[in-house]
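1. just a sequence and a predicted model for now, questions to come.
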Amino acid sequence: MLQAKTILYVEDDPVVLTAHRMRLQRAGYFVIPAADGLEALKTLSTLAPDLVLLDLMLPKFNGEEVLHFLQSTPSLAHVPVIVLSTNSVRNIAQESLLERASKRLLKSQCDSTMLLETIQKVMGDAPAETNERPAFEAEEIFARNLMPVAA
């Protein structure tokens, strides 16, 4: 039997976390929740997950800081990150950091099915008989909202 892949899900909204976590667990993933950036950093100091689902707007340490930690830690730099947030990019430095994420999705446009499909695609777990789509509509909407905001 294959060992379940581990996903660190960093999300401070318990309703969103529970809904997506249940769907991912039914699909066979082992989901470790982190309710804030500090909890995520503590978990990442002892565990290299197979994937990180990351909200940007978090208490204690924000998602950008968690993403920077992942990318600057050699043992974690290979871990794919899916940014799932309601937040849009505020400046060019933030855009540069987020470009290193594997995928970026808007919460308002992403249901549990789309999230699962995205995770499977990023992790190479996509079922063989799925219909390939060139891009998720939510990714396209998110990309359009990524324009830096003038100060």
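-> Received it, and whenever you're ready, just let me know what you need.
2. now do the strands in this protein.
-> 6-10, 30-34, 51-54, 81-85, 103-106 (DSSP state E).
3. quick one: closest of these to L44.
-> L44 lies closest to strand 6-10 among the strands of the chain, at 7.0 Å (C-beta to C-beta). Using the backbone N, CA and C atoms, a C-beta is placed for each residue, glycine as well.
4. what does the closest one contact?
-> The contact list for strand 6-10 (C-beta atoms under 8 Å, 6 or more residues apart in numbering) reads 17, 20-21, 24, 29-34, 36-37, 39-40, 43-44, 47, 49-55, 58, 63, 66, 119.
5. can you flag the buried ones in these?
-> 17, 20-21, 24, 29, 31-34, 36-37, 39-40, 43-44, 49-55, 58, 63, 66, 119 (16 or more other C-beta atoms under 10 Å).
6. which parts of this protein are helices?
-> For the chain, the helices defined by DSSP state H occupy 14-26, 37-44, 63-72, 92-98, 112-123, 137-144.
7. buried residues of the fifth one, list them for me.
-> Neighbour-count burial for helix 112-123, counted by 16+ other C-beta under 10 Å, picks out 112, 114-119, 121-123.
8. what about the closest residue to P80 other than its chain neighbours, how many neighbours?
-> Nearest non-adjacent residue to P80, counting by C-beta to C-beta, 6 or more residues apart in numbering: S102, 4.1 Å away. Number of residues near S102 (other C-beta atoms under 10 Å) recorded here: 16.
9. residues contacting S102?
-> 80-82, 122.
10. any idea how far it is from A48?
-> S102 sits 15 Å away from A48, going by C-beta to C-beta, to the nearest Å.
11. what do you get for D12?
-> In terms of C-beta to C-beta, D12 sits 23 Å off from A48.
12. do the same with A101
-> Separation of A101 from A48 (C-beta to C-beta): 17 Å.
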